[in-house]
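J.: predicted structure and sequence below. I'll ask about it afterward.
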Amino acid sequence: AEQPPPSPSPIPLEDCRIKVDDCYDLNSNAPAITQEECALYYDVTKVDNTTRLCALSDGVCDGSSEEVPLGLTECPSPLPPPPSPPPPTPPTPPSSPPPPAPPSPPASPPAPPRSVLANTCDELEYIGSAEALLDLAASIMIGLAVLYWVVLFAGFLSVLWSIRKTAAVRRYAPLALQIHVRRKLPSGKPGELEPLPVVLRHVLESLQATLAQSGGGEESREDLHRFAVQRLVTGRPVDSALGIMTFMRVPDEVVYAGMAEGLAAIEREVASRGSDDDRVCLRYILHARTGDLPRRWSNGVMDAGRPAGMALQDFVDLPDSVTAGLRAPHVAALRLYTSNCFRSLNTPLRSAGEVEYPFPVTLSFISDAIRRLRAVNASQRGANQPLDLWRGMANLDVADAFLAEGGTEFAPMSTTSSLEVAIAYALGGGSGGLRGRRALLFKLRANSFIDRGADLSYCSCFAAEAEVCYPPLTFLAPSGRREAFEHGGVTFEVVEVLPSFSS
């Protein structure tokens with residue numbers, strides 16, 4: 001029996017079966033290898049109906065090539081195994097020649113060369129990536145265009161709103177420039193915000209009615225109280241900056257020694273330099289109890305309405321004194337200032353620091369106590385809310401220099417949270433009729449607790465006055481808001497100021 005030939009290695013040219021369009025060349029009995037496998041040994045190029053094979057030498061065609069006819073028939077699936085050699089057959093008698101073989105079907109169109117396919121694929125991938133980038137860029141441009149028109153439309157609406165708002169502000173500008181305050185209702189609660197002239201008319205009418213019922217006032221207030229001043233005297237801003245020690249023209253060591261001595265130093269100052277009324281008030285404050293002095297002063301009886309029997313130490317033990325860390329000399333000095341002794345304390349200070357101040361220890365305790373009492377304001381609800389306070393001055397005009405630059409109040413400055421009390425003192429109590437009076441009102445705008453004076457109602461000798469006291473050398477800066485009007489024969493001028501004082 002004839003043995004089949006062994007498989008060559010490397011693959012001989014004639015045994016290289018080529019896979020073209022998933023079909024094999026059936027003219028060879030070589031093992032079924034793919035075009036890629038054959039390409040390991042030969043450079044395969046298909047031209048028309050032939051396959052050109054060029055042997056490779058170190059991966060490069062060596063120049064020798066041979067064309068192999070494809071001779072494709074149907075594509076076997078799967079490829080049958082190589083046929084076994086046919087058995088020997090006996091010789092046959094000669095016969096007629098075999099009929100001619102039918103023509104082979106036309107071959108499939110050859111695939112393009114490998115290099116062309118690869119390049120075409122790369123080009124298609126590049127074109128797909130470029131199209132994706134263009135789509136992304138187009139989407140971004142569309143989004144930016146939409147955002148641009150949205151912003152443009154919003155800006156147009158904002159301009160329309162601003163124009164409308166400006167027109168409204170111009171229309172109501174006179175109202176916006178007015179000073180508005182809350183008038184107390186008959187129940188004692190604050191009402192709605194109203195223009196100041198309206199509130200002043202209500203207060204003035206109430207005051208006139210009270211004076212008519214009392215026959216024009218039971219007492220003249222020609223002496224004026226500490227809420228009003230006979231003449232408006234203010235100092236330079238530098239006076240406020242230098243502080244009370246420099247302004248009193250008293251050596252610092254003298255003041256500090258007196259403050260260390262305490263109540264004895266206050267008693268010595270009042271005994272040697274005070275008036276008879278000053279000494280009466282101090283004895284009552286230091287050694288008596290509330291209710292022990294029935295004398296009626298220009299603004300009433302001292303400690304009227306308080307529980308009887310309160311001594312100085314009882315005022316020191318009150319919560320406000322404890323919160324502020326006040327000692328007996330602080331409380332005694334505050335109560336002395338709220339009594340009839342205020343004139344002796346204030347008048348020398350309005351000499352503009354030209355002479356040595358006669359009550360340096362007492363004034364230092366007053367100034368220190370007022371600053372410490374800001375701790376009470378800081379612990380209360382609404383500590384950082386604005387608060388309006390009032391100070392009334394009778395028959396005074398405010399100077400142009402003060403309106404332009406502000407000024408310093410030399411003495412302790414008594415203000416009140418009650419507009420009614422300030423108007424009453426600005427009118428001089430109403431004695432002799434109101435017609436022809438000039439009333440100057442300072443509206444102090446304290447924006448927070450640090451700019452507020454001390455509420456002395458808890459220890460004042462006249463608690464009903466709702467006194468809020470500022471320390472000496474408080475600087476008053478006009479805010480620029482000012483009103484003047486006339487009602488009932490009284491000319492009112494209201495100036496809003498912003499108070500400030502050092503710590």
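T.: Done, it's in.

J.: can we go C-alpha only for contacts and neighbour counts from here?
T.: Noted.

J.: what helix or strand does residue 340 sit in?
T.: Using DSSP states H and E, residue 340 sits within no helix or strand.

J.: my read is that it contacts residue 278, right?
T.: Yes. Using Cα atoms under 8 Å, residue 340 is in contact with residue 278, at 7.0 Å.

J.: doesn't residue 460 make contact with residue 304?
T.: No. Contact between residue 304 and residue 460 fails when scored by Cα under 8 Å: they sit 10.4 Å apart.

J.: now the strands for the stretch 351-500 of the chain?
T.: 387-394, 407-409, 413-416, 438-446, 454-455, 467-470, 474-487, 490-500 (DSSP state E, counting those that start in this stretch).

J.: need those in CSV (columns: mean pLDDT).
T.: Listed next are the strands of the stretch 351-500 of the chain as CSV, based on pLDDT from 0 to 100:
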stretch, mean pLDDT
strand 387-394, 85
strand 407-409, 85
strand 413-416, 86
strand 438-446, 87
strand 454-455, 90
strand 467-470, 88
strand 474-487, 86
strand 490-500, 88
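
J.: burial of residue 450, as a residue count?
T.: Other residues near residue 450 come to 18 when the count uses other Cα atoms under 10 Å.

J.: and for residue 391?
T.: 26.

J.: got a list of what it touches?
T.: Counting by Cα atoms under 8 Å, 6 or more residues apart in numbering, residue 391 touches 227, 228, 414, 415, 416, 422, 426, 441, 442, 443, 444.

J.: for the residues you listed, pick the one with the most neighbours.
T.: residue 415 (29 neighbours).

J.: now do that residue against residue 159, distance only.
T.: To residue 159, residue 415 is 46 Å away according to Cα to Cα, to the nearest Å.

J.: select, out of the strands of the stretch 351-500 of the chain, the one closest to residue 129.
T.: Set against residue 129 and scored by Cα to Cα, those come closest in strand 474-487, at 69.1 Å.

J.: tell me the angle of that closest one relative to strand 438-446?
T.: 130 degrees (axes from the mean of the first three to the mean of the last three Cα atoms, to 10 degrees).

J.: strand partners (parallel or antiparallel) of strand 474-487?
T.: Partner strands and pairing direction for strand 474-487 (DSSP bridges) are strand 407-409 (antiparallel), strand 490-500 (antiparallel).

J.: CA atoms of that strand as CSV?
T.: Provided in CSV are the C-alpha atoms of strand 474-487 (Å, rounded to 0.1, in the frame of the first residue of the first chain):
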residue,chain,number,x,y,z
THR,A,474,-19.9,111.1,74.8
PHE,A,475,-19.4,112.0,71.2
LEU,A,476,-22.5,112.8,69.1
ALA,A,477,-22.3,112.4,65.4
PRO,A,478,-25.3,113.8,63.3
SER,A,479,-26.7,111.2,61.0
GLY,A,480,-28.0,113.8,58.5
ARG,A,481,-31.6,113.2,59.3
ARG,A,482,-33.3,116.4,60.6
GLU,A,483,-36.9,117.7,60.8
ALA,A,484,-38.4,121.0,61.8
PHE,A,485,-42.1,121.8,62.0
GLU,A,486,-44.6,123.9,64.0
HIS,A,487,-47.6,122.8,66.0
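
J.: what about residue 304 and residue 460, which has more around it?
T.: Shown here are residue 304 and residue 460; by other Cα under 10 Å, residue 460 has more neighbours (22 against 16).

J.: you'd agree residue 330 is up against residue 369?
T.: Yes. Counting by Cα under 8 Å, residue 330 does reach residue 369; the two are 5.6 Å apart.

J.: so between these two, which is more surrounded?
T.: residue 330 (26 against 23).

J.: so the more buried one: helix, strand or coil?
T.: helix (DSSP: H, G, I helix; E, B strand; the rest coil).

J.: for residue 156, same thing?
T.: At residue 156 the chain is in helix, as set by three-state DSSP.

J.: and it, how many residues sit next to it?
T.: By other Cα under 10 Å, the residues close to residue 156 number 12.

J.: just name the most buried of the strands paired with strand 474-487.
T.: Ranked by mean neighbour count, the strands paired with strand 474-487 are led by strand 407-409 with a mean of 24 (mean count of other Cα atoms under 10 Å).

J.: if we ignore the residues flanking it in sequence, what's nearest residue 410?
T.: Spatially, and ignoring its direct neighbours in sequence, residue 410 is nearest to residue 473 (4.7 Å; Cα to Cα, 6 or more residues apart in numbering).

J.: hmm, back to that, closest one to residue 193 among the strands paired with strand 474-487?
T.: The nearest among the strands paired with strand 474-487, by Cα to Cα, is strand 490-500 at 16.4 Å.

J.: was I right about residue 290 contacting residue 312?
T.: No. Taking Cα under 8 Å as the definition, residue 290 is not a contact partner of residue 312, at 9.1 Å.

J.: which stretches of the stretch 51-200 of the chain have low pLDDT?
T.: Residues of the stretch 51-200 of the chain that meet the criterion pLDDT under 70 lie in 51-126, 167-179, 182-191.

J.: mind running it again at 90?
T.: Residues of the stretch 51-200 of the chain meeting the criterion pLDDT under 90: 51-136, 158-200.

J.: any figure for the gap between residue 201 and residue 396?
T.: Residue 201 sits at a distance of 20 Å from residue 396 (criterion: Cα to Cα).

J.: the more surrounded of those two?
T.: residue 396 (18 against 14).

J.: where along the stretch 251-400 of the chain do the helices fall?
T.: Secondary structure of the stretch 251-400 of the chain (DSSP state H, counting those that start in this stretch): helices located at 252-261, 263-273, 276-287, 312-316, 319-324, 328-338, 342-346, 360-372, 374-378, 400-405.

J.: export the ones you listed to CSV and append columns for distance to residue 452 and mean pLDDT.
T.: As requested, the helices of the stretch 251-400 of the chain are arranged in CSV below (distance: least, Cα to Cα, whole Å; pLDDT from 0 to 100):
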stretch, distance to residue 452, mean pLDDT
helix 252-261, 25, 93
helix 263-273, 26, 95
helix 276-287, 26, 94
helix 312-316, 22, 95
helix 319-324, 14, 95
helix 328-338, 16, 95
helix 342-346, 20, 88
helix 360-372, 9, 94
helix 374-378, 7, 90
helix 400-405, 21, 84
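
J.: could you dump those into TSV and include distance to residue 496?
T.: Output for these, formatted as TSV (distance: least, Cα to Cα, whole Å):
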stretch	distance to residue 496
helix 252-261	35
helix 263-273	36
helix 276-287	34
helix 312-316	34
helix 319-324	29
helix 328-338	25
helix 342-346	23
helix 360-372	22
helix 374-378	22
helix 400-405	10
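
J.: which of these sits closest to residue 146?
T.: helix 374-378 (53.0 Å).

J.: any buried residues in the closest one, and which?
T.: Using 16 or more other Cα atoms under 10 Å as the test for burial, helix 374-378 gives 374, 375, 376, 377.

J.: go on, stretch 448-455?
T.: 449, 450, 451, 452, 453, 454, 455.

J.: so what sits opposite the residue nearest to the fourth one when sequence neighbours are not counted in the bridge?
T.: Leaving aside its sequence neighbours, residue 452 sits nearest to residue 446 (Cα to Cα, 6+ apart; 5.6 Å). Here residue 446 sits in beta bridges with residue 387, going by DSSP bridges.
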